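S.K.: generate a structure from the sequence data that follows.
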Amino acid sequence: MSALYLALALGAGPYVGRLLSFLFAVWVTWRLNRRFTFRATESVWREWWRYLTVMLGGGVINLGTYMLLLQFLPEARWAPAVGVVAGSLAGMTFNFISAKYFVFRELHD
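M.R.: Residues are numbered from 1 along each chain as shown. I've put the predicted structure just below:
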């Protein structure tokens, strides 16, 4: 969420700021998942691109929820934060399953 508010403070609108914060979050979670949750399965770059690709599914859910809420919530400083929280929860399950079965799966010969 701090990445979103940093982007907003630097002049990005709520949608561009959210896109930038989403990309930052994907990078951070990939690094954490690679290190602590799942065993790394292949080269770093191939894995990163696969992770980013499958996270786009959860990202669509996440960003869609964010955008929908911004349409209905009052224009307030706290509204983007509510959108981020709701969007993150909406995309979390999809992203975990995608990471487990498509990114960090054990490769078989």
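S.K.: give me the element residue 17 is part of.
M.R.: helix 14-32 (DSSP states H and E).
S.K.: just the helices in this structure please.
M.R.: Counting by DSSP state H, the chain has helices at residues 2-9, 14-32, 44-72, 79-98.
S.K.: and the angle from the helix holding residue 17 to helix 44-72?
M.R.: Angle, helix 14-32 to helix 44-72, by axes from the mean of the first three to the mean of the last three CA atoms, to 10 degrees: 140 degrees.
S.K.: low-scoring stretches of this structure, by residue?
M.R.: Within the chain, the segments meeting pLDDT under 70 span 40-42, 106-109.
S.K.: isn't residue 1 up against residue 81?
M.R.: Yes. Counting by CB atoms under 8 Å, residue 81 is a contact partner of residue 1 at 5.9 Å. Every residue, glycine included, has its C-beta placed from N, CA and C.
S.K.: burial count for residue 38?
M.R.: 16 (other CB atoms under 10 Å).
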